[in-house]
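[1] Pasted the sequence and its predicted model underneath.
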Amino acid sequence: MHFDALLLSRLQFGFTIAFHIIFPSFTIGLASFLAVLEGLWLTTKTTAFRDLYLFWVKIFAISFGMGVVSGVVMSYEFGTNWSVFSTVASPVIGPLLAFEVLAAFFLESSFLGVMLFGWRRVGPSLHFLATLLVAVGTLASAFWIVSANSWMQYPAGFVRLADGSFRATDWMAVIFSPTFPYRLSHMVLAAYLTTALVVGAASAWRLLKDPDEAESGVALKMAIGMFAIAAPLQLLAGDLSGKQVGKLQPAKLAAIEAYWETRTQQPFHIIAIPDRATESNRFQVAVPKLGSWIAAGDVNAKVTGLKAFAPSDRPPVFIVFWAFRVMVGLGLAMIGLGAWGAFLCWRNTPEHSRLFLRAMVAMGPAGFVSVVCGWIVAEVGRQPYVIYGLLRTAQGVSPISTGEVSVSLITFMVVYAIIFSVGALYILRLMNSGPSPKPEAAAPPPRRRPPGYALAAAPAPPDEAAP
């Protein structure tokens, strides 16, 4: 492995986006969870929903801020590390990212202040509207970001000019490229699963300490309901997305399944050790014919192997193969945990099963790990192209030196390790405190205006009025 400017630039972008994607995958689902909590509070007036909202909105604010900071860094990297890609692709990618900022991020940011500081300053209907708009804004952000990335995965609705740059000829085809619907549903479900697992883990942690904490019991049951439904749907969405990959990106599918030969009745490799040097798997455990059925719905379907592509056109097989299996393995564990939790909810005893609560705590980070592995499958599996089939990654890198990228990569690693570790620890500390309202301190004595105060004769506001 030669650590040149290209590889280091890829490592730097991969490092920063792996950190960034953690926060949107959490805040997308958490914003919707907050909207549901406030809606239930306004409808039922049950104090548990209000207390849960006031608790989780603090965690949402911190996560949102960390996501913004990490996202801004990637915008700069397009110019510093990937200027050639930005030059040729910005006429198509640029408007999609601009729509994300104008139509989504501004909407989130504008009403986030009302969410955080308007609980006692605006009416309940306006505050609920602000929460809903923030939730809509997070989903709109996902829409535009996934749209831009889907175009890079399988470009459509464009023309390439003589200078090598791209121009859109059909914006609807650009926005709704063939892979977009499957990838958007997959991403949104992943966000909801991630949030449900975190909420469930935090609630289970509190219930292990105090099984009678009502707010955590309510949050646990809501989390179970979400991932018990979303996990099987995610399996279906992943299957549909995988079949689409087999049609449009056969090299990626071959890397995902470690297929080297093109054949019918492909097996499904449960585990394998792919070897690019020998163009074979050194070890494998496989189920006969199942691979063709999963890829195309027919055991006799022909599935293309990696040998059908030039070695320079093949993705890194080992990374893609194992990232996919970690993602799928955790997804199956989520389905099992959801079924277990649903059974306990049917018996009305999830908060009293300490084994289940411990399993919930252990599965808390699973959503984040799955999201990062899914990103690795999608982006590393697209290699060696940054725009699939049109622009190689090596052609899109900036003309910079290895030393320059090394310094920036090390700097990012150190800064991220400090800032995001502190942020994550603070979030964990908040989760440990629990959503139960704490006894309020005695109110301070009313403030009285001195006789010489210029507005002493004016009516005092309620908080300054004498008792």
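    Perfect, thanks for sending it. Residues are numbered from 1 along each chain as shown.

[2] Could you give me the buried positions within the helix or strand hosting residue 90?
    Under DSSP states H and E, the secondary-structure element containing residue 90 is helix 83-99. By 16 or more other C-beta atoms under 10 Å, the buried positions in helix 83-99 come out as 83-86, 88-89, 92-93, 95-97, 99. All C-beta spots, glycine's among them, are computed from the backbone N, C-alpha and C.

[3] quick one: which two of these are the most distant?
    The largest distance within these, taken as C-beta to C-beta, falls between 84 and 99 and amounts to 23.6 Å.

[4] okay, stretch 73-91 in CSV with CA atoms only?
    Taking Å, rounded to 0.1, in the frame of the first residue of the first chain, the C-alpha atoms of stretch 73-91 are listed here in CSV:
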residue,chain,number,x,y,z
VAL,A,73,-15.3,20.3,7.4
MET,A,74,-16.2,18.0,4.5
SER,A,75,-17.4,21.0,2.4
TYR,A,76,-13.9,22.5,2.7
GLU,A,77,-12.3,19.1,1.7
PHE,A,78,-14.1,19.2,-1.6
GLY,A,79,-12.0,22.2,-2.4
THR,A,80,-8.7,21.3,-0.7
ASN,A,81,-8.4,17.6,-1.5
TRP,A,82,-10.9,17.0,-4.4
SER,A,83,-10.7,20.2,-6.5
VAL,A,84,-10.7,18.4,-9.8
PHE,A,85,-13.8,16.5,-8.9
SER,A,86,-15.4,19.7,-7.7
THR,A,87,-14.6,21.5,-10.9
VAL,A,88,-16.1,18.9,-13.3
ALA,A,89,-19.0,17.8,-11.1
SER,A,90,-20.1,21.0,-9.4
PRO,A,91,-22.6,22.0,-12.1
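
[5] Contacts for that stretch, please.
    Contacts made with stretch 73-91 from outside it, assessed by C-beta atoms under 8 Å, 6 or more residues apart in numbering, are listed as 9, 12-13, 16-17, 20, 97, 152, 164-168, 386-387, 391, 395-400, 405, 408, 412.

[6] quick one: contacts for residue 217?
    Under the criterion of C-beta under 8 Å, 6+ apart, the neighbours of residue 217 are 203, 207, 350-351.

[7] Give me the subset of the contacts of stretch 73-91 that lies in strands.
    Judged by DSSP state E, the subset of the contacts of stretch 73-91 located in strands is 166-168, 386-387, 391.

[8] Grab the longest helix from the chain for me.
    In terms of residue count, the longest helix belonging to the chain (DSSP state H) is helix 5-44.

[9] Mind listing what's buried along it?
    By neighbour count with 16+ other C-beta under 10 Å, helix 5-44 contains the buried residues 5-10, 12-13, 16-38, 40-41.

[10] how far is it from where the chain is centred?
    5 Å (C-alpha atoms, centre = their mean, to the nearest Å).

[11] which secondary structure elements does it contact?
    In this structure, helix 5-44 makes packing contacts with helix 47-80, helix 124-153, helix 180-209, helix 214-248, helix 366-380, helix 393-396, helix 402-433, judged by 3 or more C-beta pairs under 8 Å, 6 or more residues apart in numbering; DSSP states H and E.

[12] What are the contacting residues of the following helix or strand past the second one?
    Taking DSSP H and E as the definition, the helix or strand that follows helix 124-153 towards the C-terminus is strand 158-160. For strand 158-160, the external contacting residues (C-beta under 8 Å, 6+ apart) are 92, 166-170, 174, 390.

[13] picking up where we left off before, give the rounded mean pLDDT of the longest helix of the chain.
    Averaged across helix 5-44, the pLDDT comes to 90.

[14] Over to residue 261. Which of the three states is it?
    Assigned with DSSP: H, G, I helix; E, B strand; the rest coil, residue 261 falls in the coil class.

[15] isn't it right up against residue 304?
    No. Counting by C-beta atoms under 8 Å, no contact exists between residue 261 and residue 304, whose distance comes to 9.4 Å.

[16] The closest residue to residue 185 other than its chain neighbours - how many residues pack around it?
    Counting by C-beta to C-beta, 6 or more residues apart in numbering, residue 185 lies nearest to residue 237, which is 4.8 Å off, once chain neighbours are set aside. A count of neighbours around residue 237, defined by other C-beta atoms under 10 Å, yields 21.

[17] Could you check the pLDDT of residue 237?
    For residue 237, pLDDT reads 92.

[18] Next, the contact list for it, please.
    With contact set as C-beta under 8 Å, 6+ apart, residue 237 has these partners: 182, 185-186, 189.

[19] Closest to residue 227 out of the ones in strands among the contacts of stretch 73-91?
    Of all the ones in strands among the contacts of stretch 73-91, residue 227 sits closest to residue 386, with 33.9 Å by C-beta to C-beta.

[20] Could you check how far the closest one is from residue 395?
    Look at residue 386 and residue 395: by C-beta to C-beta, to the nearest Å, they are 8 Å apart.

[21] Give me the more crowded residue out of those two.
    Summary of the neighbour comparison: residue 386 and residue 395, criterion other C-beta under 10 Å, with residue 386 having more neighbours (22 against 16).

[22] isn't the more buried one right up against residue 380?
    No. Shown here, residue 386 and residue 380 do not form a contact pair, counting by C-beta under 8 Å, at 11.9 Å.
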